[in-house]
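In: Kindly return the folded structure for what I paste below:
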Amino acid sequence: MSPSRRKANGSRCSCIGEINGIAGDDAGESFDLSCIHCNGSDWIKTDLSTYFSSDDSEKLRRIIVASIKGFSIGTGIKGGLALFSIVARFARRRSSKSRRTGDFSNSEAIAMGIKETLRYGLFLGTFAGTFVSVDEAICSLAGHQRTAKWRALFAGLVAGPSMLLTGPNTTHTSLAVYILMRAAVLASRCGIKSKRFGSVCKPLTWEHGDLFLMCLSSSQILSAYILKQESLPSSYKSFLNKHGGKDLSILQGIKDLASAKPFTNLRAIEKYYKSVGVDIKLDPSMKIPCSMIHGGESCTKHGLTFFLQAYKRALPVYVPVYLIPALIVHRQDLLKKQYSILGKGLLGTARSSLFLSTYCTSAWASTCLLFRTLDTCNIPLVAIATFPTGLALAIEKKSRRIEISLYCLARAIESFFTSMTEAGYIRPPKILRRADVVVFSVSTAIIMHCYAQEREVFRSKYLNVLDWVFGVPPPPPCEET
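Out: I've put the predicted structure just below:
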């Protein structure tokens, strides 16, 4: 509220008239610099310059702070993953004396990790800075309340192409589809609240919808893992090959059998098992792949031994998953509640590792069970057998289930459309070279609009992170209703 402007004798300045039919008061006055009293007042000149300079500096500060925080999150997440990958690489090198052909040297891997870390830092830093810059620019030019309903939507759309900073030739289809899934979830929550669309969106409130999505995604992902790995992103393919726990020669043998093709590498499978101390002889006329999957072990014994091995492989995966978010989200309570936060982190790591190990074990157990029951193996049965694998997600916390199911759904959609494109059923548009950037931009526009207008549809932990990065200010006092 601005102080009243008065003449030297204490009366109101004559430049103050009626505004919208209501006599001007202290809250609704407007300066008339043509008035000899207003224009000649040193107090007014000082007040105006102070107001505008402080307002502009605050906007600039918000832009800079958002850019720095976005950069720190990008480098922190990508740098943590890169560091974990490099450490795991060193551990593999120590256990394996020989270097595989075409593999990167340690120095090349470190340089690549640093490069990717900086790229992702620039990506998120530029995204945050661009969003805040556009938000503040529109607010200054067209008003805060007048543009409130669409300003964040437009700013998120403009900030989306910052994804190109990760590399002009590097596509991020999985990331774009995942963000699209997140935007769809937020939009559906808004729809559930809406009187107009509430009845249409009611099926989305199904309590176990996350498990169904996970089962659906698992059917596509695990089928692709066995039958068509080239439809999966390289990083995700490496993840599946590691936690799937089977040599590539075994997967090729299962693929040949399911596709009703002659075996091409039975000798390679026998050689692999011999290298791990198992001497077997595979039958070229086999109908089910159990002997290829677990060698001389029974299905039950293989399930138990595989589970223990899978749990050991899963533990290192979830340590950074719980550690990094704890440092960001609970940064203010680390010194006060370090034991409570550490305990929750360890419990979460153990629980998520149990989920992943159960998921991988049930994938092989269900395929063995179905193939043995029907005494045959084909492509449709592979898809059917891997469908119930997604039920392992029930082990996870309810709050994490939707996150995991959406992530896997994004991977499944990408794999499905890649397979359909390679088969010639789908032709990608030639005009749209970077569909991932377009999808990402539209998705971030929806998310940022929900963030500005429908904040209650966000979970508190995500809302805290967004508030920390973007620091959206409250409406100016003069525009509050």
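In: so who does residue 230 touch?
Out: By Cβ atoms under 8 Å, 6 or more residues apart in numbering, the contact set of residue 230 is residue 422. Where C-beta positions appear, they are placed from N, C-alpha and C, glycine not excepted.
In: Is it correct that it falls within a strand?
Out: No. Counting by DSSP: H, G, I helix; E, B strand; the rest coil, residue 230 is not found in a strand; it is helix.
In: and the gap between it and residue 421?
Out: 12 Å (Cβ to Cβ, to the nearest Å).
In: and if you look at residue 130?
Out: Taking Cβ to Cβ, one finds residue 130 at 32 Å from residue 421.
In: more crowded one of those two?
Out: Remark: of residue 130 and residue 421, residue 130 carries more neighbours, 21 against 13, as counted by other Cβ atoms under 10 Å.
In: Give me the distance between the more buried one and residue 169.
Out: Residue 130 is 22 Å from residue 169, by Cβ to Cβ.
In: Repeat that for residue 357.
Out: 37 Å.
In: If you count surrounding residues, which of the two has more?
Out: Set residue 357 next to residue 169 and count neighbours by other Cβ under 10 Å: residue 357 wins out with 24 against 6.
In: ranges for the strands of the chain?
Out: For the chain, the strands defined by DSSP state E cover 18-19, 22-23.
In: what pLDDT, on average, does the last one get?
Out: Confidence for strand 22-23, expressed as mean pLDDT, is 38.
In: The first one too?
Out: This predicted structure assigns strand 18-19 an average pLDDT of 38.
In: Residue 313 contacts residue 243, doesn't it?
Out: Yes. Counting by Cβ atoms under 8 Å, residue 313 touches residue 243, with 5.7 Å between them.
In: Who are the contact partners of the closest residue to residue 302 other than its chain neighbours?
Out: Spatial nearest neighbour of residue 302, excluding adjacent residues (Cβ to Cβ, 6 or more residues apart in numbering): residue 294 at 3.5 Å. Contact partners of residue 294, counting by Cβ under 8 Å, 6+ apart, are 301, 302, 306, 364, 368.
In: out of those residues, who has the most neighbours?
Out: Ranked by neighbour count (other Cβ under 10 Å), the contacts of residue 294 have residue 364 at the top, with 25 neighbours.
In: Quick one: residues contacting that one.
Out: Contacts of residue 364 by Cβ under 8 Å, 6+ apart are 246, 293, 294, 302, 303, 306.
In: Could you report the neighbour count for the second one?
Out: What that stands for is residue 293. For residue 293, the neighbour count with other Cβ under 10 Å is 21.
In: Can you give me the distance of it to residue 116?
Out: Counting by Cβ to Cβ, the gap from residue 293 to residue 116 is 35 Å.
In: so where's the stretch 51-200 of the chain shaky on pLDDT?
Out: Scanning the stretch 51-200 of the chain for pLDDT under 70 picks out 51-54, 88-89, 91-104, 197-200.
In: need the helices for it, in chain order.
Out: Secondary structure of the stretch 51-200 of the chain (DSSP state H, counting those that start in this stretch): helices at 106-142, 151-159, 173-193.
In: In the stretch 301-450 of the chain, mark out all the helices, start to finish.
Out: Under DSSP H, counting those that start in this stretch, the stretch 301-450 of the chain gives helices at 338-374, 379-386, 398-422, 435-453.
In: Of those helices, which stretch is the most buried?
Out: Of all the helices of the stretch 301-450 of the chain, helix 435-453 has the most neighbours on average by mean count of other Cβ atoms under 10 Å, namely a mean of 21.
In: who's in contact with that helix?
Out: 127, 131, 148-157, 159-161, 163-164, 171-173, 175-177, 179-180, 182-183, 186-187, 190, 428-429, 432, 457-458, 463, 466, 470, 472.
In: For PyMOL, what selects the buried ones among the residues you listed?
Out: Of the contacts of helix 435-453, the buried ones go into a single PyMOL selection, burial set by 16 or more other Cβ atoms under 10 Å:
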select buried, resi 127+131+151+152+153+154+155+156+157+159+160+161+163+164+171+172+173+175+176+177+179+180+182+183+186+187+190+457+458+466+470+472
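In: Return, as residue ranges, the portions of the stretch 251-400 of the chain with sub-threshold pLDDT.
Out: The low-confidence ranges in the stretch 251-400 of the chain, as defined by pLDDT under 70, are 326-335, 338.
In: hmm, 80 instead?
Out: 296, 320-321, 323-342 (pLDDT under 80).
In: quick one: contacts for the closest residue to residue 114 other than its chain neighbours?
Out: Take residue 114 and drop its neighbours on the chain: the residue closest to it by Cβ to Cβ, 6+ apart is residue 82, 7.6 Å away. Neighbouring residues of residue 82 by Cβ under 8 Å, 6+ apart: 113, 114, 116, 117.
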